[in-house]
Structures are given as C-alpha cells and as structure tokens.
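In: Curious how this folds, go ahead:
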Amino acid sequence: MVQIKKKKEIDASIPSAGMSDIVFLLLLFFLVSTTIDVDTGIGLFLPEYVPPEEQEFVPLSKDRLAALNINENGDVLLDGEIIAIPQISETLKPRIESKINLPSKRKLVVSVKTDRRTNYNLYIQALDQIKFSYAEVQEAYSQQTYGKKLADLTPEESKIVTREKIPIIISIAEPEQIN
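Out: Here you go, the predicted structure:
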C-alpha cells in the first residue's frame, strides 16, 4: 500500500505593506479635486466709511423716497401702507420708471428699515423684490432704447443703463435700538 503525503498548504495572503500608501494617495486626490461650496452671503456693494462729521446729509423729498419698513411681527409697510412681499416689485416699478430721465440727484431711493427682531428671511425676500423691480425696469429700458437685452449691451451702453439712467439706490437703515 502506497501512502500519499499531503502537501502543506500555504495560506494565501494579500501583501498590505503598500496599502497605506494607496489610501493616502486616494485621500490626497479627493481632497485636491473636491470643490467645497462656500456660502458667500448677500451681494451688496457697501460705500466707503465716512466719519459722521464729514458726511453730507441731503434732504429727500417724499416723491424721491420709498420707505420700506419690516417689523418684528413680519408686517411689511411701504410708505406706511401694509403690502405683501410679492407686491413690492410691482409697486416700485412705476416709481422707478418715472425717474428714468431725471438727473442722478433726483432718482428714487428705496430705504429699507427693519426691527432687530425681524425675521431674516423676510428681510432677504424684500431686498430681492426691490432688486428685481430695478432689474425689470433696466431690462425694459434696454429693450426699448437699444433693442437688446441688458446682458447683450456693450460695456458703455450697460453703464448708461445701470449707472446713469436706472441706478439701484437702496438705503439700508440701521435698526432701532430696543431697550
């Protein structure tokens, strides 16, 4: 009788010495190639700081001022009249259009004043409606005057529309102090 010897089985294993290098390279690759979305906030152009003693205060007539107030209860008032936020744009457009051909010192100023406890979302919605009304008037003026969309105008024509004829003038008033 012949006896057959079994061979010793060698355990199969995957060499893991280079695994940490591969993991590190993958991690580095994903860190470098991933873009991180950063909230930038509200796009507002703020004026340069001028000390109070050097500031020039110019009185505004009632027809040049659109006073928008938002109180802590969420009530929105335009020139003392309660208004819904979606109506802000339609109410401001005729007033902006009526000042197109006037000199820059006689354009409409929209003053936004809030309470310190006003809902921030309402404030942003109101600002959006104001900017939307200006944008619609600028677009209509561009179509009427140049026969093109505002985005298709030359830089000189765009400057005339957005800086001279229909500048966006929004005054954000300091909220009143609450004791």
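In: Going by C-alpha atoms from here, please, whenever you check contacts or count neighbours.
Out: Noted.
In: So for the longest helix seen in the chain, mean pLDDT?
Out: If you go by DSSP state H, the chain has its longest helix at helix 120-146. Across helix 120-146, pLDDT averages out at 92.
In: Ok, stretch 89-108 next?
Out: Averaging pLDDT along stretch 89-108 gives 88.
In: which outside residues touch it?
Out: The set of residues external to stretch 89-108 that reach it, using CA atoms under 8 Å, 6 or more residues apart in numbering, is 63-66, 129-130, 132-134, 136-137, 164-167, 169.
In: which residues in this protein form strands?
Out: Shown for the chain, the strands assigned by DSSP state E span residues 65-70, 76-78, 81-82, 109-114, 170-172.
In: gap between the third one and the chain center?
Out: Taking CA atoms, centre = their mean, to the nearest Å, the mean C-alpha location of strand 81-82 is offset from the chain mean by 25 Å.
In: Also the first one?
Out: Here strand 65-70 is found 19 Å from its chain centre; the criterion is CA atoms, centre = their mean.
In: Alpha carbons only: can I get that strand in PDB?
Out: In PDB, the C-alpha atoms belonging to strand 65-70 read as follows (Å, rounded to 0.1, in the frame of the first residue of the first chain):
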ATOM      1  CA  LEU A  65     -38.200 108.200  -1.200                       C
ATOM      2  CA  ALA A  66     -39.800 104.800  -0.900                       C
ATOM      3  CA  ALA A  67     -39.700 103.800   2.700                       C
ATOM      4  CA  LEU A  68     -39.900 100.100   3.300                       C
ATOM      5  CA  ASN A  69     -40.300  99.000   6.900                       C
ATOM      6  CA  ILE A  70     -40.400  95.400   8.200                       C
END
